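>>> Generate a structure from the sequence data that follows.
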Amino acid sequence: MIPNSATKYCCTVALLLLAACEEQETSRQQSPSTRPELKLDLSSFRFVVEQGRKTYYQSRNYIESGGIGVTLTRGKVCVENGKNCVESAVRYRVEAGKVLTQPNHKVTTILNKDNITIEYWGTADNGEPVHIKRTVKTSGAKVTVQ
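Purely as a prediction, here's the structure:
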């Protein structure tokens with residue numbers, strides 16, 4: 001049989017260890033990850049032919065889920081299976097854990113079937129570089145995002 005004071009001591013130590021583990025788990029759940037998690041979702045496509053070009057309007061949704069804000073500073077769109085690219089300076093801010101939605105972006109191509117790439121580069125608030133890329137496969141009015 002263990003003396004009463006030893007039992008109290010063991011119980012106290014066990015409770016302190018449990019409390020420490022619980023506190024660690026809580027802080028892990030609340031603290032942001034050490035890496036930004038940025039995703040580009042393309043939605044709400046609308047197809048029209050404008051001045052002889054196949055035009056694809058879409059909403060661009062930048063989704064940050066890692067708990068670290070991101071500033072995108074450069075964008076690039078390539079059409080005609082990568083043969084024709086346009087690159088530009090941008091300044092898009094995606095706050096930590098938030099979504100930035102930009103409706104009515106458009107991409108045009110002369111090809112009926114095309115692989116269109118949309119890319120962005122920037123920097124997370126922790127200094128890490130960020131790069132996102134999506135490919136849009138088109139066949140007339142049909143669109144598939146990869």
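
>>> Domain-wise, how is this protein divided?
1-31, 38-145 (automatic domain parsing).

>>> In a markdown table: those domains, plus mean pLDDT.
Listed next are the domains of the chain as a markdown table, based on pLDDT from 0 to 100:
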| stretch | mean pLDDT |
| --- | --- |
| domain 1-31 | 47 |
| domain 38-145 | 96 |
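
>>> so can I have TSV of those domains showing mean neighbour count?
C-betas here are computed from N, CA, C, even on glycine. Shown next, in TSV, are the domains of the chain (neighbours: other Cβ atoms under 10 Å):
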stretch	mean neighbour count
domain 1-31	10
domain 38-145	15
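
>>> Now the closest residue to Gly97 other than its chain neighbours: which helix or strand?
Spatial nearest neighbour of Gly97, excluding adjacent residues (Cβ to Cβ, 6 or more residues apart in numbering): Gly67 at 5.7 Å. Taking DSSP states H and E as the definition, one finds Gly67 inside no helix or strand.

>>> Assess the claim that Gly67 and Ala96 are in contact.
Yes: Gly67 lies in contact with Ala96 (Cβ atoms under 8 Å); the separation is 5.1 Å.

>>> And Ala141, how far from Thr108?
With distances taken as Cβ to Cβ, to the nearest Å, Ala141 is found 14 Å from Thr108.

>>> what comes into contact with stretch 68-87?
Contacts of stretch 68-87 with the rest of the structure, by Cβ atoms under 8 Å, 6 or more residues apart in numbering, involve 32-36, 38, 62, 64, 88-96, 107-111, 114-126, 128, 130.

>>> What helices and strands are in contact with the host helix or strand of Ser59?
According to DSSP H and E, Ser59 maps onto strand 53-64. When contacts are defined as 3 or more Cβ pairs under 8 Å, 6 or more residues apart in numbering; DSSP states H and E, strand 53-64 packs onto strand 38-50, strand 70-79, strand 84-94, strand 99-109, strand 113-124, strand 129-139.

>>> can you give me the angle that strand makes with strand 38-50?
Calculated by axes from the mean of the first three to the mean of the last three Cα atoms, to 10 degrees, strand 53-64 forms an angle of 160 degrees with strand 38-50.

>>> got the angle between strand 53-64 and strand 113-124?
On the basis of the same axes, to 10 degrees, strand 53-64 is oriented at 30 degrees to strand 113-124.
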